[in-house]
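A.B. asks: dropping a prediction and its sequence here:
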Amino acid sequence: MKDRGVPYAGYKKKDLLTMCKLAADADVEVDPDGLQENIDGIIANKLQLDTGDCLPLPSACEGSADISYVPAITVIDIYNYLLNFSQYDHTMLCNYYKMEGCTMFQDGFVMDVQGVRFADHADYIAVKAKVRWLFYCLS
């Protein structure tokens, strides 16, 4: 689990075995050099605009529970977005569905969803939320 970057501290052996099986079934990629990715760097790259400007971290911005201005996003939109990355394919996304990961919001694992409007970049918005972890939640 450590090689896959999945948090595992504080779990009982039975839960760890379940997590390992789910990670294997979902084909969670093992970091080839055994090091976790630089999460801050990955986020910074995603927030970098074509103009060279960088959006602030959404987690550090004030959000609003009113997300009516957020464009509608469907499961098909998310599916097509994920297919653009080489580590995802149709089979892997089907496995994610079988793990019932797509129902986590309905099951109460995603809480306090907020929209963030960037003051200096009105064309961009972000959605942030708090997530309740459970032993089978993989990131």
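C.D. replies: Yep, that arrived.

A.B. asks: alpha carbons only for contacts and neighbour counts from here, please
C.D. replies: OK.

A.B. asks: identify each buried residue in the host helix or strand of G41, please.
C.D. replies: When elements are assigned from DSSP states H and E, G41 belongs to helix 39-47. For helix 39-47, burial by neighbour count (16 or more other CA atoms under 10 Å) applies to L47.

A.B. asks: starting at the chain centroid, how far to that helix?
C.D. replies: 13 Å (CA atoms, centre = their mean, to the nearest Å).

A.B. asks: tell me which residues are up against it.
C.D. replies: 54-57 (CA atoms under 8 Å, 6 or more residues apart in numbering).

A.B. asks: turn the buried ones among the residues you listed into a named ChimeraX selection, would you?
C.D. replies: Selecting only the buried entries of the contacts of helix 39-47 in ChimeraX, with 16+ other CA under 10 Å as the criterion:
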select :55
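
A.B. asks: restricted to helices, list the contacts of helix 39-47.
C.D. replies: Within the contacts of helix 39-47, no residue falls in helices by DSSP state H.

A.B. asks: what's the closest of the contacts of helix 39-47 to M19?
C.D. replies: L57 (29.9 Å; CA to CA).

A.B. asks: separation between that closest one and I43?
C.D. replies: 8 Å (CA to CA, to the nearest Å).

A.B. asks: ok, the closest residue in space to C54 that isn't next to it in sequence - how many residues close by?
C.D. replies: Spatial nearest neighbour of C54, chain neighbours left out: Q48 (4.4 Å); criterion: CA to CA, 6 or more residues apart in numbering. Neighbours of Q48 under the rule other CA atoms under 10 Å: 13.
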